[in-house]
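Trainee: just the structure for this:
(one chain, ligands or ions: 2)
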Amino acid sequence: MYIEEYRKKCVSADEAVKVIRSGDWIEFAWAASMPGLLDEALARRKDELYDVNLRGGVIITPVTCMECDPTGEHFTWNSWHLGGRERKLVQNGRAYYIPLKYSELPRYLRENVKTDVVAIQVAPMDAHGYFSFGVTVSHYAAAIEKARAVIVEVNEDMPSTHGGYDHAVHISKVDFVVEGGHRGLPILPSASASELDRQIAGYVLPEIMDGACIQLGIGGMPNALGKMIAESDLKDLGIHTEMFVDGFVDMVEAGKVTGTRKQLDRGRIVYAFAAGTQKLYDFLRNNPSLAGYPVDYTNHPFIASQNDQLISINSALEIDLTGQVCSESAGPSMISGAGGQLDFVEAAYNSKGGKSFICLPSTYKDKSGQLHSRIKGQMTMGSAITDTRPTVQFVVTEFGKVNLKGLSTWQRAEALISIAHPDFREALMAEARGLKIWRKLA
Ligand SMILES: CC(=O)SCCNC(=O)CCNC(=O)[C@H](O)C(C)(C)COP(=O)(O)OP(=O)(O)OC[C@H]1O[C@@H](n2cnc3c(N)ncnc32)[C@H](O)[C@@H]1OP(=O)(O)O
Ligand SMILES: CCCC(=O)O
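Mentor: Residues are numbered from 1 along each chain as shown. Ligands and ions are numbered 1, 2, ... in the order given. Okay, the predicted model is just below:
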């Protein structure tokens, strides 16, 4: 029934990007769903276009538009969350970070920012005229609502995924369809877990009970924990997360996940976007046990916290002695972004029986090989505060875990120094004395 409309809207990538004008803002790519043909076609229009702003995040694949424009006069990349490639673009002054509380992204798109064109990759159209957003549900439906033009690039290899709502776009809302054929999906290998990651994960595992609902963040440590959960005796776990990664597939395959004790989406795994190996993408394809939702559903603390025993496990870069957490920058130099960390820190604490864990190795080795404590007297100048101190609950290093909720500043300093690397504890105590947050009785 919709085939005729589909055919009428089918154009080449070069034809489709003609709708883009100088000065436009384009919602473009997220994680594993990069519209590669549109990117290349836009790059070919470089000399005709000036000051086009592309927006995306967590990208895994190179962006041709950015590579073809070394002076930045034609294209600027604006990132909701820096993946490794975007971090380099930011360092070279070619891209900029947009501070984000990820649960609010659909609302930013509806109420706060200009979106002229949406150009995204989708799965093939179904018999009812819908293109599934595939591995990225997140914020695409909200972006489409206000755009002047919507271009979808169809990737035959993009899995059609099940969802809650707003996980697909109807042909009636699309202006141009670009058929991309079989383009595969970029592979994001699982971050390898170090011995240290396993030690940290070892402190979190005993805090997880049968029937708990799990969110895992990005990085080696959450990955180590996913593996440990898969090998544990835990049962009847649920999953309500932002990013769906291979570690969750391991947990499902090990029979740990039933979702039967969830208060929301009973029996289903809830996520906003997915990136990982081909095994993960195959698992997602037409799988009714999964539900991709917009990120204002997955991450909103009011919603996520309705699941009892929500356990949130995220990584950080540094923490000061009063409990402020930085997970996104090293001083002023951006590493990643705030993403959904604060969303889940708040959600887990507000869930009945829930717990939030901020995990970090106690030290960081710089390029010259010098060791620094990640637990600091004061936050490094310029570091962004991702989680304010009242929001932080458990903090875990390879030396143990502490619960900061309700502790006074001197108790926080004492607790955090107890899990700092032993080589830095004396210096941290001296700093705490100077900051008037040390009360150790003689
Ligand atoms: C998907 C979800 O559900 S996530 C929800 C929550 N979202 C978040 O937690 C967002 C914020 N958190 C993050 O972005 C990540 O968890 C991080 C950055 C804190 C940790 O991620 P990891 O991959 O474990 O970090 P890792 O230790 O590998 O460091 C990442 C990079 O930062 C660099 N880095 C780390 N610490 C420092 C430092 N103090 N100074 C300079 N660079 C540093 C590392 O060298 C590495 O660089 P490279 O990729 O070029 O080698
Ligand atoms: C915004 C996507 C990733 C994250 O939350 O860390």
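
Trainee: helices and strands of the chain: which one has the lowest mean pLDDT?
Mentor: In the chain, no helix or strand scores lower on mean pLDDT, DSSP states H and E than helix 220-231, which sits at a mean of 88.

Trainee: does ligand 2 sit close to that helix?
Mentor: No. Helix 220-231 lies apart from ligand 2 when judged by CB under 6 Å from any ligand atom; the minimum separation is 10.3 Å. Placement of C-beta: from N, CA and C, glycine included.

Trainee: spell out which parts of the stretch 1-150 of the chain neighbour ligand 1.
Mentor: Residues of the stretch 1-150 of the chain that fall close to ligand 1, judged by CB under 6 Å from any ligand atom: G84.

Trainee: show me where the stretch 1-150 of the chain has its helices.
Mentor: 3-9, 13-16, 36-44, 64-67, 84-91, 105-107, 140-146 (DSSP state H, counting those that start in this stretch).

Trainee: closest one to ligand 2 among these?
Mentor: helix 105-107 (8.2 Å; CB to the nearest ligand atom).

Trainee: contacting residues around the closest one?
Mentor: For helix 105-107, the external contacting residues (CB atoms under 8 Å, 6 or more residues apart in numbering) are 80, 138-139, 141-142, 294-296.

Trainee: give me the three-state assignment for A415.
Mentor: helix (DSSP: H, G, I helix; E, B strand; the rest coil).

Trainee: surely it and G400 touch.
Mentor: No. Applying CB atoms under 8 Å as the test, A415 and G400 come out as separate, 9.4 Å apart.

Trainee: between these two, tell me which one has more neighbours.
Mentor: Neighbour count, other CB atoms under 10 Å: between A415 and G400, A415 has more, with 18 against 14.

Trainee: spit out the contact partners of that one.
Mentor: 395, 402-404, 407.

Trainee: ok, it to ligand 2 distance?
Mentor: To ligand 2, A415 is 26 Å away according to CB to the nearest ligand atom, to the nearest Å.

Trainee: just the pLDDT for the residue in the stretch 1-150 of the chain positioned nearest to ligand 1.
Mentor: Nearest residue of the stretch 1-150 of the chain to ligand 1, counting by CB to the nearest ligand atom: G84, 5.3 Å away. Looking at G84, its pLDDT is 92.

Trainee: now swap in S33 and tell me
Mentor: Per the predicted model, pLDDT is 96 at S33.

Trainee: that one: neighbouring residues, count only.
Mentor: With other CB under 10 Å as criterion, S33 counts 30.

Trainee: in contact with the residue of the chain found nearest ligand 2, which residues?
Mentor: Closest approach between the chain and ligand 2, counting by CB to the nearest ligand atom: G339, at 2.0 Å. Shown in contact with G339 (CB under 8 Å, 6+ apart): 81, 100, 102, 217-218, 242, 328.

Trainee: got it, and M209?
Mentor: Applying CB under 8 Å, 6+ apart to M209 gives the contacts 234, 309, 353.

Trainee: who's in contact with stretch 194-208?
Mentor: Contact with stretch 194-208 is made by 193, 214, 220-221, 223-225, 228-229, 232, 234, 237, 311, 313, 355, 357, 359-361, 394, 396-398, 400-401, as judged by CB under 8 Å, 6+ apart.

Trainee: show me how far that stretch is from its chain's centre.
Mentor: Chain-centre distance of stretch 194-208: 21 Å, with CA atoms, centre = their mean, to the nearest Å.

Trainee: pLDDT of it, averaged?
Mentor: For stretch 194-208, the mean pLDDT works out to 94.

Trainee: V90 against Y97, yeah?
Mentor: Yes. Assessed by CB under 8 Å, V90 is found in contact with Y97 at 6.2 Å.

Trainee: quick check: neighbours shared by the two?
Mentor: Common contact partners of V90 and Y97 (CB under 8 Å, 6+ apart): 79, 82, 334.

Trainee: partners of the last one in the sheet?
Mentor: Going back to what we said before, that points to M334. S329 (DSSP bridges).

Trainee: let me see the contact set for it.
Mentor: 82, 87, 90, 97, 328.

Trainee: again with D423
Mentor: By CB under 8 Å, 6+ apart, the contact list for D423 reads L371.

Trainee: ok, it to C68 distance?
Mentor: Distance from D423 to C68, counting by CB to CB, to the nearest Å: 48 Å.

Trainee: check F133 too.
Mentor: Taking CB to CB, one finds F133 at 27 Å from C68.

Trainee: between the two, which one's more packed in?
Mentor: The neighbour comparison of F133 against C68 (other CB under 10 Å) goes to F133, with 30 against 16.

Trainee: pretty sure that one sits against H170.
Mentor: No. If you go by CB under 8 Å, F133 and H170 don't touch, sitting 11.8 Å apart.

Trainee: most surrounded residue in the contacts of A415?
Mentor: Scoring the contacts of A415 on neighbours with other CB under 10 Å, the highest-scoring entry is V395 at 24 neighbours.

Trainee: state the pLDDT value of that one.
Mentor: pLDDT for V395: 98.

Trainee: let's number from 328 now, not from 1
Mentor: Taking 328 as the first residue, the last one we looked at is V722.

Trainee: next, the buried residues of stretch 613-621.
Mentor: 614, 617-621 (16 or more other CB atoms under 10 Å).

Trainee: could you do stretch 762-769 as well?
Mentor: Buried, per 16+ other CB under 10 Å, within stretch 762-769: 762, 764-765.
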